[in-house]
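# Predicted model and sequence below, questions to follow.
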Amino acid sequence: MKHLRIYMSRLFLYRFAAVAFGVTALVSLLDSLGNSELLPQDAGFLDRLRFAGLRLPIIFDSTFAIIIFLSVLVTYLSFIRRNEIVALLATGVSVFGQLRALAPCLFMVGAAGALIVSLTSPPAARSLTAWLGPQALMPQTIDDKALWVSEPDVLVRIGDMSDDTLRDLTFFSRSPDGQIIAVSEAGRAIYKGKAWQLEGTRMLHAEQAGVAAPKTWETRQTPDSLFKLQTYPRFLSFGDLLQLYELRGSGSRPSSAYLVWIIDRLTMPFLAVGLLLLAAPLMQRAGRRETGEVAAVMALGLGFAYLIGDGIFTSMAESGVFNGWVGALGPLIGLFATGLWFALRTEKAK
């Protein structure tokens with residue numbers, strides 16, 4: 001069993017490296033061509049390389065599940081065409097035996113993928129945003145909602161943010177019992193020292209006469225913290241996700257939007273094992289002239305159905321329709337249940 005585990009794992013890793021390179025290179029090329037209008041008009045070759053390089057961690061994160069699944073299918077196609085599936089079954093290595101042989105390797109690859117994404121995606125997203133704006137990331141990162149910040153005595157609505165400058169601010173001053181007692185606005189706020197200097201301020205409403213609009217906004221919020229509140233959760237580090245999940249009252253997203261991505265990062269190794277569990281039973285083809293294409297197409301259909309369902313559940317959890325635990329773990333549990341059912345069905349058929 002030890003030699004079988006080493007052989008199958010080595011074969012998978014070779015296929016994984018080839019598929020990862022091919023998929024990321026192809027998607028990166030198409031992405032660079034499709035988003036070329038985001039670059040400045042005078043962008044040269046080095047700028048285009050920089051853009052592709054900064055987008056690479058984001059592309060790898062988005063395609064990681066597809067890469068894992070395709071690598072498993074390509075590995076089993078190799079087994080089928082070499083008649084190694086016949087040899088495995090003849091020597092008594094069942095589907096569950098194959099899973100025991102390959103699962104540790106898939107788990108470690110998933111853990112390595114989660115670590116790579118957590119280390120590379122946040123700085124790449126920040127660099128892209130600082131260079132080209134939030135539209136340089138992914139379409140879903142462009143949020144039309146304003147950013148809200150809650151302080152003990154004031155609620156602040158921020159219309160736009162760029163670097164150390166905020167625009168279109170509205171201040172709702174509150175009494176100790178939470179009642180709105182004054183409303184003012186500022187055209188711009190610039191971060192200087194430990195406070196925001198307000199420009200173009202005017203009072204819109206005040207319960208007491210003679211109250212002037214504030215000229216400064218003293219808050220714990222810095223340009224860095226506001227950037228994190230504005231950024232799509234997928235592109236934040238694990239530590240930032242935990243911090244924002246525990247934060248209450250600020251931001252434009254429910255806490256479940258951060259929880260679902262915390263769980264997503266933690267479950268990437270289990271996702272890799274689940275995709276193996278789904279693919280392996282379907283690829284048990286031992287016929288003399290069997291090539292495995294039909295089984296691979298069936299597995300691809302189920303795999304993409306899972307990815308679509310996972311995307312729907314994630315979107316609903318991000319919007320607060322249901323808890324982040326359901327959004328993140330629901331599709332994964334369904335994946336394991338489906339794979340286990342196929343594995344048991346395959347074993348009974350033999």
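Cool, got the structure. Numbers count the residues shown, from 1 in each chain.
# alpha carbons only for contacts and neighbour counts from here, please
OK.
# The closest residue to residue 218 other than its chain neighbours pairs with what?
Of all residues not flanking residue 218 in the chain, residue 195 sits nearest, at 4.7 Å (CA to CA, 6 or more residues apart in numbering). Per DSSP bridges, the residues bridged to residue 195 are residue 192.
# One more: the one 4 residues further on?
Applying DSSP bridges to residue 199 gives these bridge partners: residue 188.
# Could you report the pLDDT at residue 153?
Confidence at residue 153, expressed as pLDDT, is 88.
# residues in contact with it?
173-176 (CA atoms under 8 Å, 6 or more residues apart in numbering).
# and those as JSON lines, adding distance to residue 112?
Output for the contacts of residue 153, formatted as JSON lines (distance: CA to CA, whole Å):
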{"residue": "173", "distance to residue 112": "48"}
{"residue": "174", "distance to residue 112": "48"}
{"residue": "175", "distance to residue 112": "50"}
{"residue": "176", "distance to residue 112": "49"}
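# By neighbour count, which of these wins?
residue 173 (19 neighbours; other CA atoms under 10 Å).
# tell me the contacts of that residue?
Contacts of residue 173 by CA under 8 Å, 6+ apart are 153-155, 180-183.
# swap in residue 310?
Here residue 310 is in contact with 327-328, 331-332 (CA under 8 Å, 6+ apart).
# If we use 6 Å, what do you get?
Counting by CA atoms under 6 Å, 6 or more residues apart in numbering, residue 310 touches residue 331.
# And residue 101, how close does it get to residue 88?
Distance, residue 101 to residue 88, using CA to CA, to the nearest Å: 12 Å.
# typo on my end, it should be residue 304
28 Å.
# the more surrounded of those two?
residue 88 (17 against 14).
# In terms of helices and strands, where is the more buried one?
Here residue 88 sits within helix 84-90, counting by DSSP states H and E.
# and what of residue 203?
strand 202-206.
# who does that strand pair up with?
strand 180-192 (antiparallel).
# which residues touch the partner strand?
Here strand 180-192 has contacts from 164-174, 196-207, 213, using CA under 6 Å, 6+ apart.
# Next up, the contacts around residue 167.
Counting by CA under 6 Å, 6+ apart, residue 167 has contacts 159-160, 187-188.
# Let me know the distance separating residue 121 from residue 252.
The gap separating residue 121 from residue 252 is 22 Å, by CA to CA.
# So for the two, which residue has more residues nearby?
More crowded of residue 121 and residue 252, by other CA under 10 Å: residue 121, with 23 against 15.
# per-residue pLDDT, the more buried one?
So, for residue 121, pLDDT stands at 92.
# part of a helix, is it?
Yes - assignment of residue 121 by DSSP: H, G, I helix; E, B strand; the rest coil places it within a helix.
# How about it: what's its closest non-neighbour residue?
Distances taken as CA to CA, 6+ apart put residue 57 closest to residue 121, at 5.2 Å, once the chain neighbours are dropped.
# What values do phi and psi take at the one you found?
Main-chain torsions, residue 57, degrees, to the nearest 10: phi -60, psi -40.
# Isn't it up against residue 122?
No - using CA atoms under 6 Å, residue 57 makes no contact with residue 122, being 8.9 Å away.
# Can you get me the centre-to-centre distance for stretch 218-233 and its chain?
19 Å (CA atoms, centre = their mean, to the nearest Å).
# Show me which residues of stretch 328-340 are buried.
Residues 328-329, 331-332, 335-336, 339-340 are the ones in stretch 328-340 that count as buried (16 or more other CA atoms under 10 Å).
# Show residues contacting it.
Against stretch 328-340 from outside (CA under 6 Å, 6+ apart): 260, 274, 277-278, 310.
# go on, stretch 73-90?
12, 286, 291-292.
# and the least confident of those?
residue 286 (73).
# which residue packs closest to it, ignoring adjacent ones?
Counting by CA to CA, 6+ apart, the residue nearest residue 286 is residue 86, at 5.3 Å.
# try residue 271
Using CA to CA, 6+ apart, the nearest residue to residue 271 is residue 332, at 6.8 Å.
# Just say helix, strand or coil for that neighbour.
Quick answer, by three-state DSSP: residue 332 is helix.
# Any of the contacts of strand 180-192 buried? List them.
By 16+ other CA under 10 Å, the contacts of strand 180-192 give 165-174, 196-199, 201-203, 205-206, 213 as buried.
# Any buried residues in stretch 210-230, and which?
Neighbour-count burial for stretch 210-230 [16+ other CA under 10 Å]: 213-214, 216-217, 221-223, 226-230.
# Give me the subset of the residues you listed lying in helices.
223, 226-230 (DSSP state H).
# which non-adjacent residue is nearest the most centrally placed residue in the chain?
For the chain, the residue nearest the mean C-alpha position is residue 234 (3.8 Å; CA atoms, centre = their mean). Closest residue to residue 234 apart from its sequence neighbours, by CA to CA, 6+ apart: residue 261 at 6.2 Å.
# Pull the residues that contact the strand or helix carrying the one you found.
Per DSSP H and E, residue 261 falls inside helix 255-266. Residues outside helix 255-266 that contact it (CA under 6 Å, 6+ apart): 114, 233, 241, 245, 318, 323-324, 328.
# ok, 8 Å please
So helix 255-266 is contacted by 114, 118, 233-234, 238, 241-242, 244-248, 314, 317-320, 322-325, 327-329 (CA under 8 Å, 6+ apart).
# List only those of those residues flagged as buried.
114, 118, 233-234, 238, 241-242, 244-245, 314, 317-318, 320, 323-325, 327-329.
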